[in-house]
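Asker: sequence plus predicted model, see below.
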Protein chains: 2
Amino acid sequence: MAYVVGLMSGTSLDGVDVALLDLQETENGLDTTLLDFKTVPFQASLVAEIRKSLSIEHSDSQLICSLNFKLGVLFAESVKMICSKNGIAASQLEVIGSHGQTIFHQPEQVGDFAASTLQIGEPAVIAYETGATVVSNFRTMDMAAGGQGAPLVPYTELLLYRDAHKNRLLQNIGGIGNVTVLPQAATLDQVFAFDTGPGNMIIDDLMQRLFQRGYDSGGEIAAQGSVNEAMLADCMNDDFITAAIPKSTGRELYGKEYTDHLLTTYNHLAPKDLIATATMFTAKTIVSNYEQFVFPKMRIDEVVVSGGGSYNETLLRFMAELLDGKCVVLTQEDIGYSSDAKEAVAFGLLAYETLHRRPSNVPNATGAREHVILGNITYPPLGYKKEGANFA
Amino acid sequence: MAYVVGLMSGTSLDGVDVALLDLQETENGLDTTLLDFKTVPFQASLVAEIRKSLSIEHSDSQLICSLNFKLGVLFAESVKMICSKNGIAASQLEVIGSHGQTIFHQPEQVGDFAASTLQIGEPAVIAYETGATVVSNFRTMDMAAGGQGAPLVPYTELLLYRDAHKNRLLQNIGGIGNVTVLPQAATLDQVFAFDTGPGNMIIDDLMQRLFQRGYDSGGEIAAQGSVNEAMLADCMNDDFITAAIPKSTGRELYGKEYTDHLLTTYNHLAPKDLIATATMFTAKTIVSNYEQFVFPKMRIDEVVVSGGGSYNETLLRFMAELLDGKCVVLTQEDIGYSSDAKEAVAFGLLAYETLHRRPSNVPNATGAREHVILGNITYPPLGYKKEGANFA
C-alpha cells in the first residue's frame, strides 16, 4: 500500500487538480484506488502572473523565477490540504507527482528556438514543505528522446484501463479529440495513440457565437436540430481526417477561422442545425479514424469516452449510431473512473513509476525514439544525523 | 571507485567548466582525485542568448524554454568530450553534477517577487545524451529551507580540505572575498562561512581605469607602490568589515561608485600607490575579519587562498605580514588542488552526495533552517525490457 498524490494544473488556469491515490503493486501491475480528488482554485493575482508568464511579450526571467517558487508553495499547500482531510500526514506519501504549469511548449524547432518545453512549480518547495519525495518535469525527457513530450497519459491508460479480454479505445473529447488504442492484455509496444481531429472546439465556438453559451450542455441543442448533409460533406473533406497516424493537431486548424467559414457559408441554416451538424462532424471524424486506422487491425469491444465531450449525450448517440453496433460506447464514469481526475491521477502514477525507475512514455504516442524514465526526483530533508551522512 | 563529472558555468559566461573525478568512499569520507579539467567555451551566439535571458527587459518564456534545452545539449557534449579524452564512456559515469546557468537569483523577497533562484541547462537532455544519471538544480532546496541558496561550496570544502590536526581557513578571493572556517576534524555543524568584504574588485576596477588592464598581474604594480595610510584608514572606516557574521555582500558596495570616490579623493596619489593601498585594503579586511570572528574562537594553522587573488603575490605577502606569523598563507595549488576547477569539482561531489541521499548544504553558511538534500535526480533511459517494467 502506498499513498500517492498527483497534481495537474492545465491551460484553463482554474486551479490545481489534486488526486490522492492508494497504489498497490500486484502481479498484474499497479492496483489504483482514487481516495479523494479536488480542484484547488488559483487566486486571481496568481492567475494574472501565470497569464503574464505565458505571454512571450510580458514574461521575463524574474517573473518566471518567482512564479516557479510561488506555484511550489501553492502545490504544497494543496497536497497538505487533501492529506489532512483524509487523515494522512503529507510526509507519509510515497511520492507526489507534479506536472507543473506549462509556461512554454514547442514540440518542434522554430527558427533559432530549440524544440523544448518548460513546466514550473518548484519541486524543492513541494518536497520541503510536505516532507515527501516529488517527481516533476515529466515532459522534458520524452522530448530529449526526440518525442513531442505529449501525450503522456497513454501509459497510465494502459495501467488503469487494460483489460485481459477486451480491446478498448479510450476516446478523449476535449477541445481536440484524441484516442488511445488499448488491445486486450496489451504490452506497452502494442499501445498507440493519435489525435482524431476536432473535439468540442467547433461546437463550443458555434454555441458561443449563436447562443452565447460556452458549450452545448448535454447536447440538448444538437438533439433539437437536424444534420445538414451538404455541410457535413464539406467538413469531412478534410486532409487531417485521412492523414496517416501518428498525427496531432492543435487549435490552429479548427479555430475561429474555421467557424467563420461555416457561419458564412451556411448562414441559411438554423442555428440548432449548425450545432447538430458540427456535433455529427466531430462524431464522424472520430469514427472515420477508427475505420481507417483501428478496425482493420482489430475488433474493438468498448469505446470509453472522457473529457467534456463525454457529457454531450447527442455526441455519444451519434458515435454509437455511426459505429452501428460494432462496439459499445461508454463513459469513464460507466467503468468506475472520474473523468475530471484523470490527468491528476495519471501524474501520480507516472511519479510512482519514475520513483521505481521504470520508463513510462509511450513512443507510439509521443514519437520518442525509445522508452525513457520521465521526470526528476527531489528528496525531502531527512533527519540529518540519523542518516549516516559523511559528517554526522 | 566511481567516475563523476562536475559542470559549472558561472556569471563570466566564458564557457562551462568540466571536471572529471574519481571518487572513493573511505572510512574518513570521500577520497577525491581530479582526473581532468577543462573549460569548454560558449559560442558567441549562445553567449548572446544567455545575456538576453539574464536581462529582465529582454528575456521571455520562449527564450528561456529554448535556451534550457540548448545548454543541456552543450553540457552533454562537454561531458562526452572529457570522457572520451580519458577513455571512459559517459554512460559509465556514476553521476553528473550540473550547476546550470543562473538566469535569476533573488535570495530575498523583492516586492511581489518571491525569494527564488533559477538555473537552466536541461538535465533530461544531459542524461539522455550521455546515458548517465544527472543531479541538477542544487540551489532551490536550500532556498526552500529558508537559506540564500549560496554559498554551496563549504560542504565540499569540508570534504576536500578537512584536516585531522590543522585548523584551516579557506579564503576565496574573487570579486568579493569569502572565507570558510574549517576546524580540525570538523563536523558539518562546526563549519561556518562568511564574506570578508572586497576581493579583487576594487583593485581590478582601479587597474582598468588607471592602467587599462583587467587586473594587477601577479601583484606587480602593487609591489612597486607604497601604501597610503590616510587612504587605508578611510577605506577601513567601513561598516561591513565590523558587521556581525554570517554576512554577505554583493557587487553593489564596492563597485564603480566606490572607486569613483577613491579616484576623486586621492587623485594626488601616484597610480601605483592607489593600487598598493587598495591591495593592502583587501588584505586588511580579510585579516581584520579573522581577528574579530575567527581567532577569538580558535588558533588557525593555515590560510588556503583560492580564486584570482591567489595569483596576486603582493596581496598574499600583505596578508602574511598582517597575520604576523599567526598562521601560514598557502594557495590551493600548494596543497595539491586546482583553483580553477574548484567549483566544477564541488558540484560533482554534491551530486554524488545527493545520489546517495545525503544532505550537503551548510546551514551556517547559507542561513537555511536545516540540512537538506540538494538538487534533483534525472535518470538516463534503461534497456526497457531488461528492467522488469510493468509492461515488459
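Answerer: Perfect, I can see it now. In this text, all values refer to a predicted model and were calculated from it rather than measured experimentally.
Asker: from here on, contacts and neighbour counts on C-alpha atoms
Answerer: Will do.
Asker: and the strands in the stretch 51-200 of chain A?
Answerer: A:95-98, A:101-106, A:116-120, A:134-136, A:168-173, A:176-182, A:192-198 (DSSP state E, counting those that start in this stretch).
Asker: want to throw these into CSV with distance to B:Asp324, mean neighbour count and mean pLDDT?
Answerer: Output for the strands of the stretch 51-200 of chain A, formatted as CSV (distance: least, Cα to Cα, whole Å; neighbours: other Cα atoms under 10 Å in any protein chain shown; pLDDT from 0 to 100):
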stretch, distance to B:Asp324, mean neighbour count, mean pLDDT
strand A:95-98, 57, 32, 98
strand A:101-106, 58, 21, 92
strand A:116-120, 53, 24, 97
strand A:134-136, 53, 31, 98
strand A:168-173, 78, 25, 95
strand A:176-182, 77, 24, 94
strand A:192-198, 76, 26, 93
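Asker: how far away is A:Gly225 from chain B?
Answerer: For A:Gly225, the distance to chain B (Cα to the nearest Cα, to the nearest Å) stands at 44 Å.
Asker: again but with A:Val95, I slipped
Answerer: Distance from A:Val95 to chain B, by Cα to the nearest Cα: 14 Å.
Asker: now A:Leu274
Answerer: 38 Å.
Asker: longest helix in chain A, by number of residues?
Answerer: Ranked by residue count and defined by DSSP state H, the top helix of chain A is helix A:61-85.
Asker: name the helices or strands packed onto it?
Answerer: When contacts are defined as 3 or more Cα pairs under 8 Å, 6 or more residues apart in numbering or on different chains; DSSP states H and E, helix A:61-85 sits against strand A:15-26, strand A:29-41, helix A:44-54, strand A:116-120, helix A:123-130, helix B:61-85, strand B:101-106, strand B:116-120.
Asker: give me phi/psi at the residue in the stretch 151-300 of chain A positioned nearest to chain B?
Answerer: Closest contact between the stretch 151-300 of chain A and chain B, by Cα to the nearest Cα, is at A:Thr187 (5.2 Å). Dihedral angles of A:Thr187 (phi, psi; degrees, to the nearest 10) stand at phi -90, psi 170.
Asker: okay, it and A:Thr366: tell me how far apart.
Answerer: As judged by Cα to Cα, to the nearest Å, A:Thr187 and A:Thr366 stand 16 Å apart.
Asker: so the two - more neighbours on which side?
Answerer: A:Thr366 (26 against 14; other Cα atoms under 10 Å in any protein chain shown).
Asker: how far away is that one from A:Thr140?
Answerer: Taking Cα to Cα, one finds A:Thr366 at 12 Å from A:Thr140.
Asker: picking that back up, how far off strand A:101-106 does the longest helix of chain A point, in degrees?
Answerer: Counting by axes from the mean of the first three to the mean of the last three Cα atoms, to 10 degrees, helix A:61-85 lies at 130 degrees to strand A:101-106.
Asker: and A:Thr331, what are its phi and psi?
Answerer: phi -110, psi 170.
Asker: now do the contacts for the nearest residue to it once chain neighbours are set aside.
Answerer: In space, A:Thr331 comes closest to A:Val305 once its chain neighbours are excluded; the distance is 4.6 Å by Cα to Cα, 6 or more residues apart in numbering or on different chains. Listed by Cα atoms under 8 Å, 6 or more residues apart in numbering or on different chains, the contact partners of A:Val305 are A:170-173, A:329-332.
Asker: mind telling me what element A:Val305 is part of?
Answerer: Using DSSP states H and E, A:Val305 maps to strand A:302-306.
Asker: what does the stretch 1-150 of chain A put close to chain B?
Answerer: For the stretch 1-150 of chain A, the residues in contact with chain B (Cα under 8 Å from any Cα of the partner chain) are A:29, A:53-70, A:103-105, A:113-118, A:122, A:124-125, A:128-129, A:140-141, A:144-145.
Asker: show the buried residues in these.
Answerer: The neighbour-count test (16 or more other Cα atoms under 10 Å in any protein chain shown) marks A:53-54, A:59-70, A:103-105, A:113-118, A:122, A:124-125, A:128-129, A:140-141, A:144-145 as buried among the residues of the stretch 1-150 of chain A next to chain B.
Asker: quick check: the closest residue to A:Leu374 other than its chain neighbours vs B:Leu30, distance?
Answerer: With sequence-adjacent residues excluded and distances taken as Cα to Cα, 6+ apart, A:Leu374 is closest to A:Phe138, at 4.8 Å. Remark: distance between A:Phe138 and B:Leu30 (Cα to Cα) = 32 Å.
Asker: more neighbours: which of those two?
Answerer: Shown here are A:Phe138 and B:Leu30; by other Cα under 10 Å, A:Phe138 has more neighbours (28 against 18).
Asker: which residues does that one contact?
Answerer: A:99, A:374-376.
Asker: which of those fall in helices?
Answerer: Per DSSP H, the contacts of A:Phe138 never map to helices.
Asker: with respect to A:Phe293, which of those residues is nearest?
Answerer: The nearest member of the contacts of A:Phe138 to A:Phe293, counting by Cα to Cα, is A:Leu374 at 28.2 Å.
Asker: so how many other residues sit close to that closest one?
Answerer: Per other Cα under 10 Å, the neighbour tally for A:Leu374 reads 31.
Asker: find the nearest non-adjacent residue to the spatially most central residue of chain A, please.
Answerer: Residue closest to the mean C-alpha point of chain A, counted by Cα atoms, centre = their mean, is A:Glu343 at 5.3 Å. Spatial nearest neighbour of A:Glu343, excluding adjacent residues (Cα to Cα, 6+ apart): A:Met8 at 6.5 Å.
Asker: and what of A:Glu108?
Answerer: Spatial nearest neighbour of A:Glu108, excluding adjacent residues (Cα to Cα, 6+ apart): A:Ala115 at 4.5 Å.
Asker: pLDDT value on that neighbour, please?
Answerer: If you check A:Ala115, the pLDDT there is 95.
Asker: so it touches A:Pro107, yeah?
Answerer: Yes: counting by Cα atoms under 8 Å, A:Ala115 does reach A:Pro107; the two are 5.1 Å apart.
Asker: shared neighbours of these two, anything?
Answerer: Common neighbours of A:Ala115 and A:Pro107 (Cα under 8 Å, 6+ apart) are A:Met143.
Asker: before we move on, the earlier item: where does the residue nearest to the centre of chain A land in three-state SS?
Answerer: When classified by DSSP: H, G, I helix; E, B strand; the rest coil, A:Glu343 comes out as helix.
Asker: surely it touches A:Val5?
Answerer: No: A:Glu343 is not in contact with A:Val5 according to Cα under 8 Å; the separation is 11.6 Å.
Asker: quick check: neighbours shared by the two?
Answerer: Going by Cα under 8 Å, 6+ apart, no residue sits against A:Glu343 while also sitting against A:Val5.
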